[in-house]
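[1] Show me how the following folds:
(chains A and B)
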Amino acid sequence: MAPYESGKTSAEGAAAEVEDLRAGRRRAARYVVPVAVVGVAAATIGLVPALADSGDPDLPKISAQELIEKIAASDVQQLSGTVKISTDLGLPALGDIAGGFAPGAGPSGDGSGSSADPQAKLMELASGTHTLRVAADGPDKQKLSVLDDASEYSVIRNGDEVWAYDSASNEAFHATGAAEHAEKGDKGGKGAPEDVPATPKELADEALKAVDDTTSVTVDGTAQVAGRDAYKLVIKPKQSGSTVGAISVAVDAKTGMPLKFTLTPASGGAAVVDAGFTKVDFGKPAASTFDFSPPKGTKVTEGDETKSQESHGSHDKAPKPGEGLEDGMTGLSGMKVIGEGWSSIAEFELPGGQGLPSAGSGDVAPEAQQLLGALGDKVSGKFGSGTVFSTRLVNALVTDDGKVYAGAVTKDALVKAADAAK
Amino acid sequence: MSQAEDTSVRVTETRPTAPAARSVRRLWTLGLFRSELTTTFRRWRTLALLGVLAAVPVLVGIAVKIETSDGGGTGPGGGGPAFIAQITNNGLFLVFTALAATLPFFLPMAIGVIAGDAIAGEANAGTLRYLLVAPAGRTRLLLTKYATTMAFCLVATLVVAVSALTVGALLFPLGDLTTISGTRIGMGEGLLRALLIALVVAASLTGVAALGLFVSTLTNSGIAAMATTVGLLITVQILDQIPQLHAIQPYLFSHYWLSFADLMRDPVYWDDLTRNLGLQAVYAAVFGSAAWARFTAKDITA
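    Model (predicted):
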């Protein structure tokens, strides 16, 4: 640049400098474009959910009693939708632990070898975030799919046939003669998938079972769930000592169908169970949705003892993240229940009980228990000494003499119960 | 300095033109695009990259064939790339498996090489100034370079898909296929979905392509630009695997790449697919405009 400048007058030099400065500014100004794009993108990401959230719908007032009746009277026969379920029990890798125990823990018949066995598979739902698809058409056509990365696990019921298909391993599980099961569905009275654990409806039903005089039930305004207007029903335990903070159920204003279920712990923080529809459609799903014939080359495991399994309600036994948490694990056999309502504590002896390892009930093999010993806290009291296993919701006290006290209650309440039982 | 000034001034001067001249120029742009395209696809390097990509489905197909020839399954647990368990039922699944196997690394690496080379390679070879001597303007040249890279994205994806379809048809049966949701669709719809998946995979690479182009404008060394792009790609892939970073992961360009598999659900699950395409559009807009800002203001010394 210098050789050119030497011939210029000072005025020309100054003009050139101004020109340079302007050009430099113009160049810098170009970088505003990418920065602006970033800004717009960030604003969109930040604002769109906020805008979508705004404005709770304006619905006529309703009492808690009326709302519960509305849920009970709900008669949704046909629906399809997407459910997002997040469970955070506060265990580091519940899926792995539960998966490890699954073969021994469940009455899996000869289906234990198949990765498509519903019981083993659905146990994975007990931790983490999952996207589910549900579809139902009347009481005997239902489908539940768990959407994994690039694979899907589906349980399909079409009349007497129950199929489970795991696309990741290309294995299928087949059971027939689900007649008893269908009756069960009828008894439920709702077309909503009785078969299907973890839908907001199932969870809400479990929660409402626990409603008694130890519970306060209120209607807490309205909300928008999956684009539908809904009432919010809040269920709170009155007693102290329970780890359950509150249960909130969003109920569709039109159909009375629970759309969202949230269980927050008394200790605060993120919800322990949060299951809600992100999309829901009450139209009739396509008939082909419920058709399934295993592709050629698929390994099919027949569910042999179907009858007996079904009468035990094999699908219902699949761990519902809510079951056993809300109603004090009444499903366990050979056990005593101490207390009532929300702060009830289950007492049983090791080895005892069946199933539900996901509830952290301490129903585990001795070797595994040794391993788990490292995870628990040692406590002692009048009852002797033992180990407390804590999750964010359920605490279990395993005493050294082989008794287990478990419930959705605080550690202190467990120790007190153990002391009292002594 | 003065060179950069000259060209940018010329561009601003020539921009407002009569419609007739404009149509002439548009033809000329297509000519530039055509010549770029032929230059890129004639390079041995490009052909070698495409050859490697075409070989991946062949390898996967033969491996699955040998593994299952004794009548056994692909082994328990469903490990390996997505859809691999279904290949023996239907050769069409080899297309999806091959894309799932190449998308995390092979494909974006190839894109990184082409995109990184786009500007920096010309500068390195000393040909960039000759390209700019022609009255095309820098913005247009950059757009042409990006279009060429995108064309390569599409061609590379289609090479993988077609190679996989050929191998799949030769080694395995074709016919009606079962979606991962368990429903059945016909062969025709299956092929349609395969094409759609190939397009989505190609679109998934637009973010990396824009990133590579931006890096390419930063340096005069083609090798440095390629290495940086591929290095960034690996870094992002690693970050995407660290569970503690889950808060930032939805913003990484590779996070939703495998969402193309959602097209094999029935009904299709669009949420992650639209998120992926939106994210790619944002990356393309941000790094494309950054590349433009850098390239139009840069001193061209080589």
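[2] can you tell me which residues contact the closest residue to residue B:86 other than its chain neighbours?
    Once flanking residues are discounted, residue B:86 sits nearest to residue B:93: 4.2 Å by Cβ to Cβ, 6 or more residues apart in numbering or on different chains. C-beta coordinates here come from the backbone N, C-alpha and C atoms, glycine included. Residue B:93 makes contacts with B:83, B:84, B:86, B:87, B:168, B:177, as judged by Cβ atoms under 8 Å, 6 or more residues apart in numbering or on different chains.
[3] In terms of pLDDT, where does residue B:93 sit?
    Here, the pLDDT recorded for residue B:93 equals 90.
[4] returning to what we had before: and the contacts of residue B:93, which of them are in strands?
    Secondary structure from DSSP state E places residue B:177 of the contacts of residue B:93 in strands.
[5] Among the contacts of residue B:93, which one has the most neighbours?
    Ranked by neighbour count (other Cβ atoms under 10 Å in any protein chain shown), the contacts of residue B:93 have residue B:87 at the top, with 31 neighbours.
[6] Surely that one touches residue B:95?
    No - taking contacts as Cβ atoms under 8 Å, residue B:87 lies outside contact range of residue B:95: 9.6 Å.
[7] tell me, what's touching these two both at once?
    Common contacts of residue B:87 and residue B:95 (Cβ under 8 Å, 6+ apart): residue B:168.
[8] hmm, back to that, looking at the contacts of residue B:93, spot the one nearest residue A:388.
    Nearest to residue A:388 among the contacts of residue B:93: residue B:84, at 44.3 Å, using Cβ to Cβ.
[9] Give me the local confidence score for that closest one.
    For residue B:84, the predicted pLDDT is 83.
[10] give me the number of residues near the nearest residue to it once chain neighbours are set aside?
    Spatially, and ignoring its direct neighbours in sequence, residue B:84 is nearest to residue B:97 (5.0 Å; Cβ to Cβ, 6+ apart). With neighbours defined by other Cβ under 10 Å, the count for residue B:97 comes to 25.
[11] one step back: can you flag which of the contacts of residue B:93 belong to helices?
    residue B:168 (DSSP state H).
[12] show me the contacts for residue 290.
    All of this is about chain A. Here residue A:290 is in contact with A:135, A:137, A:141, A:142, A:143, A:156, A:157, A:158 (Cβ under 8 Å, 6+ apart).
[13] oops, chain B please
    Residue B:290 sits next to A:31, A:33, A:34, B:214 when contact means Cβ under 8 Å, 6+ apart.
[14] Now name the helix or strand holding the third one.
    Counting by DSSP states H and E, the secondary-structure element that holds residue A:34 is helix A:32-53.
[15] average model confidence for that helix?
    82.
[16] what's next to the next helix or strand along the chain from it, contact-wise?
    Counting by DSSP H and E, the next helix or strand C-terminal to helix A:32-53 is helix A:64-73. Contacts with helix A:64-73, where a contact means Cβ under 8 Å, 6+ apart, come from A:62, A:204, A:208, A:211, A:217-219, A:231, A:233, A:249, A:251, A:256-258.
[17] Buried only: go through those for me.
    For these, a neighbour count by 16 or more other Cβ atoms under 10 Å in any protein chain shown gives the buried set as A:62, A:204, A:208, A:211, A:217, A:219, A:231, A:233, A:249, A:251, A:256-258.
[18] ok, how many other residues are close to residue B:222?
    Residue B:222: 20 surrounding residues under other Cβ under 10 Å.
[19] I'd like the distance from stretch B:90-101 to the chain centre, please.
    Averaging C-alpha positions (Cα atoms, centre = their mean, to the nearest Å) puts stretch B:90-101 18 Å from its chain's average.
[20] swap that for stretch B:219-231, please
    From the chain centre to the centre of stretch B:219-231 is a distance of 17 Å (Cα atoms, centre = their mean).
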